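Colleague: coords please:
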Amino acid sequence: MRTKTFVVQEALAQAVQLFWRQGYAGTSMTDLVQAMGINRQSIYDTFGDKHRLFILALDDYYTQTKAELTAKLAATTGLQATLQAIFTVYAQRDATTPKGCLIVNSATELGLVDAEVNALVQAYFDAEKALLNQVLSQYQASLRQPSDIPALASRLQNALVGIRVQARIGQPQIDAIIDATIASLPWKENR
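Modeller: All right, here's what the predicted structure looks like:
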């Protein structure tokens, strides 16, 4: 058995970046070979075919994003700051990462034609909505009562998806859109 001459996680990270930037259909095996810095057979032996590699990349992206989100949320208190942190994780990437969100990109590209991607994306979106529901419940004293927390969580999650689409196309007003979205909640007067 041959020893791998590459770091699996580093190669997967390169695949994530490529799929995020070019999409599934826009990424060839040749592109993956070049970006990952390994030969085609090593990709197949380690990750499986292109579709399996995409699924692994999508899951890795979700895991990394969730870790970033968890770290940011640990450093925030209050509903407004917490929601700002959530939106910022998804909308504001540094210059080294592609714009937008691999999950949303995958939903729009493959959601109707690939059942496995559809199920993963739906699970990720459900987790986002559950997080928003949890945050709104935790800080519901900041909102006028009664407030329909599940409906607000759904509305925010929908806005969160839209923000990621806007980030993908380079919308220059992302911060203002985020602020307006958060401001539209039924806040108590003294926030």
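
Colleague: contacting residues around residue 124?
Modeller: 62, 103 (CB atoms under 8 Å, 6 or more residues apart in numbering). Bear in mind the C-beta positions are built from the backbone N, C-alpha and C, glycine included.

Colleague: pLDDT score for it?
Modeller: We have a pLDDT of 96 for residue 124.

Colleague: Next: the one 3 residues further on.
Modeller: On pLDDT, residue 127 comes in at 96.

Colleague: what about this protein, any weak spots by pLDDT?
Modeller: Across the chain, the ranges flagged by pLDDT under 70 are 1-4, 93, 190-191.

Colleague: 90 instead?
Modeller: Low-confidence regions of the chain, defined by pLDDT under 90, span residues 1-7, 90-100, 167-175, 189-191.

Colleague: Surely residue 98 is in a strand?
Modeller: No: Residue 98 is assigned coil when assessed by DSSP: H, G, I helix; E, B strand; the rest coil, not a strand.

Colleague: check contacts around it.
Modeller: Taking CB under 8 Å, 6+ apart, one finds 17, 20-21 in contact with residue 98.

Colleague: Please repeat the previous calculation with a cut-off of 6 Å.
Modeller: If you count contacts by CB atoms under 6 Å, 6 or more residues apart in numbering, residue 98 has them with 20-21.

Colleague: ok, now the one 4 residues further on?
Modeller: Contacts for residue 102 were tallied using CB under 6 Å, 6+ apart; they are 20, 61.
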